[in-house]
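Trainee: 3D, please:
(chains A, B, C, D, E and F)
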Protein chains: 6
Amino acid sequence: MPTQESINKGREVLEEYFGAVPGGGGELDDLMKHTVGSLFGEVWSRPALDLKTRSMITLTALIVLGREPELRIHLRGAHNIGITLETIEEMLLHLAHYGGWPVAVSGQRIAREVYAELDKDE
Amino acid sequence: MPTQESINKGREVLEEYFGAVPGGGGELDDLMKHTVGSLFGEVWSRPALDLKTRSMITLTALIVLGREPELRIHLRGAHNIGITLETIEEMLLHLAHYGGWPVAVSGQRIAREVYAELDKDE
Amino acid sequence: MPTQESINKGREVLEEYFGAVPGGGGELDDLMKHTVGSLFGEVWSRPALDLKTRSMITLTALIVLGREPELRIHLRGAHNIGITLETIEEMLLHLAHYGGWPVAVSGQRIAREVYAELDKDE
Amino acid sequence: MPTQESINKGREVLEEYFGAVPGGGGELDDLMKHTVGSLFGEVWSRPALDLKTRSMITLTALIVLGREPELRIHLRGAHNIGITLETIEEMLLHLAHYGGWPVAVSGQRIAREVYAELDKDE
Amino acid sequence: MPTQESINKGREVLEEYFGAVPGGGGELDDLMKHTVGSLFGEVWSRPALDLKTRSMITLTALIVLGREPELRIHLRGAHNIGITLETIEEMLLHLAHYGGWPVAVSGQRIAREVYAELDKDE
Amino acid sequence: MPTQESINKGREVLEEYFGAVPGGGGELDDLMKHTVGSLFGEVWSRPALDLKTRSMITLTALIVLGREPELRIHLRGAHNIGITLETIEEMLLHLAHYGGWPVAVSGQRIAREVYAELDKDE
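Mentor: Just a heads-up that it's a prediction; the model follows:
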């Protein structure tokens, strides 16, 4: 199991990216411990790529693989750290040519929904 | 068919990215005309994302989708515009968690082969 | 950006395929300009494959890749140009063996929903 | 078309796996005849792998390919033959590393929903 | 196991499509019995879609899913029943927009190799 | 970075599975540290699923996703812990229906090659 130190480090990254730790207060199940401790605490926390770059390549992976629920989550992070909808839409036009039109069209619909909802809350 | 103006613009982007237009002198078949004119001339050429960012999200798409021959080609572009192997390897460690370990392990092998070959030529 | 001529040509193809241009009256965003102008105006419009063949290979791609929202859209086009539900179901039985049973079973459910809705409207 | 004997054999396997034949009483369409007769009657019925193993590799395929509606169906079978939610969650933690985190996180959400619903009914 | 009658029917279809039954004389293993008897004998043999249409949607599935070894095999069938390389290339330009450029570029390279080899043999 | 304790635990699992740690003596790069320490030391080592089950679901994921180089590696592990070629072939016939025929046919070819080579060495 990831160490408590890694989990703490992961919580910091999650807070910086999303503005809050998702499901932050409660007990973590094993998959969440690995997500927070290993994925965020030991990978996302590495300084070799900055947070914005990590967000953009994660969004790219989620778009071309068609992973909608996780794309919605990471779009919230992207919005929080200042990646604009214009940037996302430019990525989608580009990625239409590598993952195919359908993932770009779906991605655009989702991105607009998430950003509209978040902008309304501000 | 893409216009000659778009094809010329695409050639410029290809030259900036790869250092040379692949198959540059010859007659273009229709798929290549669309690749050069539409994909590079009308998409990659847009200023809303810089060349390095376009390269990184393209590499990401190719890695997580497991598109090996095209990954080799874009790694040559990445090398040419100064994206280091360290950056690629950091992306691969990150993307292992989104596309799965197998695409990262394969991607690492390919990236090291391409960079070693290009570094030898210099 | 695709030329106005390509966009006009794309609109003609979209009208022939879907019976109407989706979102036809409004201003097109950049992804839609590329969809209408480049994908429909410069690719779907090429005479080397007829509209029915283009529809059938597009449906095939969407089925095996599991792209549901776009499959719904192209099923409307298929219905409009006279591809029968029997043909779609025969394709699904065939494609179950190439893309796997799950994409065929999902595709069948979606195709029946779309055709039932369209037949009701007639 | 699969023989009536294969269809009968398939119905037996479906009953053992799901507790009931889905859509059991009605006329089968052609895709269902192939599903019941060929897939269940001639493949799932083979003794070389037991039912629990077939269920677990099917769940694995559906998880890593992101086939949600079919995953829900097979989770009902898994529940019926005594595969616990703990086993499914352990598989998901493992498969996160081969199919990527997004399919594991989605799979976990779906598995918990299906098991909670089925446990409530008991 | 598929019946001998289905296997015989499948052999007929394979002979019509490929000009010869691959591995025709020998004993079939179980996967081949299902391929010949179930897939070719009970699906490809159905008159609801003609052989050329079945070949084209199979090629489409193999192209967008990036299944190279099987694509090579079905290109031999396509060549045998008179689908021209021009038709395949037109399909690839179209499918670049649905499965992404990389599968189209790879598909084009493979198609040209297979057709060049077969045309040389004639 | 994964702890030394996790890396040691991972080495034990790798040795049990493969009979030897791949690249065992040398310095591990970061991706390998995560592979050995996190994936094998903190996931594969968990007692909730036994080694044979973990191998079978890993093989399943690699087969349906078409990850050939990693499939070859895990087939060596499967062979080492006593999973027979007959079991692998039965899985492939089953998985043909979930991931599609092409991944099963390719998987069969690869499995036979790897097992033949390993059996020859004994």
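
Trainee: low-confidence ranges in chain A?
Mentor: By pLDDT under 70, the low-scoring segments of chain A are A:21-25.

Trainee: centre-most residue in it?
Mentor: Among the residues of chain A, residue A:74 comes closest to the average C-alpha position under C-alpha atoms, centre = their mean, at 2.4 Å.

Trainee: what about the helix or strand hosting it, near chain D?
Mentor: Here residue A:74, judged by DSSP states H and E, is contained in helix A:68-80. Yes: on the criterion C-beta under 8 Å from any C-beta of the partner chain, helix A:68-80 is in touch with chain D at A:69, A:70. For every residue, glycine as well, the C-beta is placed using N, CA and C.

Trainee: name the residues that touch the helix ranked longest in chain A?
Mentor: Taking DSSP state H as the criterion, chain A has its longest helix at helix A:101-121. With contact meaning C-beta atoms under 8 Å, 6 or more residues apart in numbering or on different chains, helix A:101-121 is reached by A:63-66, A:68, A:71-72, A:75-76, A:79, A:85, A:88-89, A:92-93, A:95-96, C:31, C:35, C:39, C:62, C:65, C:67, C:69-70, E:97-98.

Trainee: and that helix, which residues are buried?
Mentor: Neighbour counts using 16 or more other C-beta atoms under 10 Å in any protein chain shown place A:101, A:102, A:103, A:104, A:105, A:106, A:107, A:108, A:110, A:111, A:114, A:115 of helix A:101-121 among the buried residues.

Trainee: so residue A:92 makes contact with residue C:32?
Mentor: No: in this structure, residue A:92 is not within contact of residue C:32 by C-beta atoms under 8 Å, at 11.6 Å.

Trainee: these two: who's more crowded?
Mentor: Legend: neighbour count by other C-beta atoms under 10 Å in any protein chain shown for residue A:92 and residue C:32, higher for residue A:92 (24 against 17).

Trainee: what helix or strand is that one on?
Mentor: Per DSSP H and E, residue A:92 falls inside helix A:85-99.

Trainee: cool, and residue A:62?
Mentor: Assessed by DSSP H and E, residue A:62 sits inside helix A:51-65.

Trainee: do the same with residue A:5
Mentor: Since the elements are taken from DSSP H and E, residue A:5 ends up inside helix A:4-18.

Trainee: what packs against that helix?
Mentor: On a contact count with 3 or more C-beta pairs under 8 Å, 6 or more residues apart in numbering or on different chains; DSSP states H and E, helix A:4-18 meets helix A:51-65, helix A:68-80.

Trainee: list the buried residues of the shortest one.
Mentor: If you call a residue buried by 16+ other C-beta under 10 Å, then helix A:68-80 has these buried ones: A:68, A:70, A:71, A:73, A:74, A:75, A:76, A:77, A:78, A:79.

Trainee: go on, the first one?
Mentor: If you call a residue buried by 16+ other C-beta under 10 Å, then helix A:51-65 has these buried ones: A:53-65.

Trainee: how far away is residue A:41 from chain F?
Mentor: Per C-beta to the nearest C-beta, to the nearest Å, residue A:41 is found 10 Å from chain F.

Trainee: residue A:30 too?
Mentor: From residue A:30 to chain F the distance is 8 Å (C-beta to the nearest C-beta).

Trainee: so who does the residue nearest to that residue when sequence neighbours are not counted touch?
Mentor: Nearest residue to residue A:30, sequence neighbours excluded (C-beta to C-beta, 6 or more residues apart in numbering or on different chains): residue D:93, at 5.9 Å. Residue D:93 makes contact with A:30, A:31, A:34, D:104, F:43, F:46, according to C-beta under 8 Å, 6+ apart.

Trainee: what subset of those is buried?
Mentor: Buried among the contacts of residue D:93 by 16+ other C-beta under 10 Å: A:30, A:31, A:34, D:104, F:43.

Trainee: ok, so of these, who is nearest chain C?
Mentor: Among the buried ones among the contacts of residue D:93, residue D:104 lies closest to chain C (C-beta to the nearest C-beta), at 17.6 Å.

Trainee: just give the nearest non-adjacent residue to the closest one, would you?
Mentor: Spatial nearest neighbour of residue D:104, chain neighbours left out: residue D:96 (3.5 Å); criterion: C-beta to C-beta, 6+ apart.

Trainee: thinking again about what came up before, mind checking how far the residue nearest to residue A:30 is from residue D:111?
Mentor: 12 Å (C-beta to C-beta, to the nearest Å).

Trainee: follow-up on the earlier one: among the contacts of residue D:93, which two are most distant?
Mentor: D:104 and F:46 (14.5 Å; C-beta to C-beta).

Trainee: residues near residue A:86, how many?
Mentor: If you count neighbours by other C-beta under 10 Å, residue A:86 ends up with 10.

Trainee: contact partners for it?
Mentor: residue B:48.

Trainee: now chain A against chain F: closest residue?
Mentor: Distances between chain A and chain F by C-beta to the nearest C-beta are smallest at residue A:38, namely 5.2 Å.

Trainee: just to check, that residue is in contact with residue A:7?
Mentor: No: contact status for residue A:38 versus residue A:7: not in contact, 9.1 Å apart, counting by C-beta under 8 Å.

Trainee: quick one: the closest residue to residue A:75 other than its chain neighbours from chain E, how far?
Mentor: Residue nearest to residue A:75 in three dimensions, not counting chain neighbours: residue A:114, with 4.2 Å by C-beta to C-beta, 6+ apart. Distance, residue A:114 to chain E, by C-beta to the nearest C-beta: 24 Å.

Trainee: one step back: neighbour count: residue A:38 and residue A:7, which is higher?
Mentor: residue A:38 (28 against 21).

Trainee: please report how far the more buried one lies from residue A:5.
Mentor: Distance from residue A:38 to residue A:5, by C-beta to C-beta: 12 Å.

Trainee: show me what the following helix or strand past the helix holding residue A:5 is packed against.
Mentor: Next in sequence after helix A:4-18, counting helices and strands by DSSP H and E, comes helix A:30-33. Secondary-structure packing of helix A:30-33 (3+ C-beta pairs under 8 Å, 6+ apart): helix D:85-99, helix D:101-121.

Trainee: what does helix A:30-33 rub up against?
Mentor: Contacting residues not belonging to helix A:30-33 are listed as A:1, A:2, A:7, A:23, D:89, D:92, D:93, D:96, D:104, D:105, D:108 [C-beta under 8 Å, 6+ apart].
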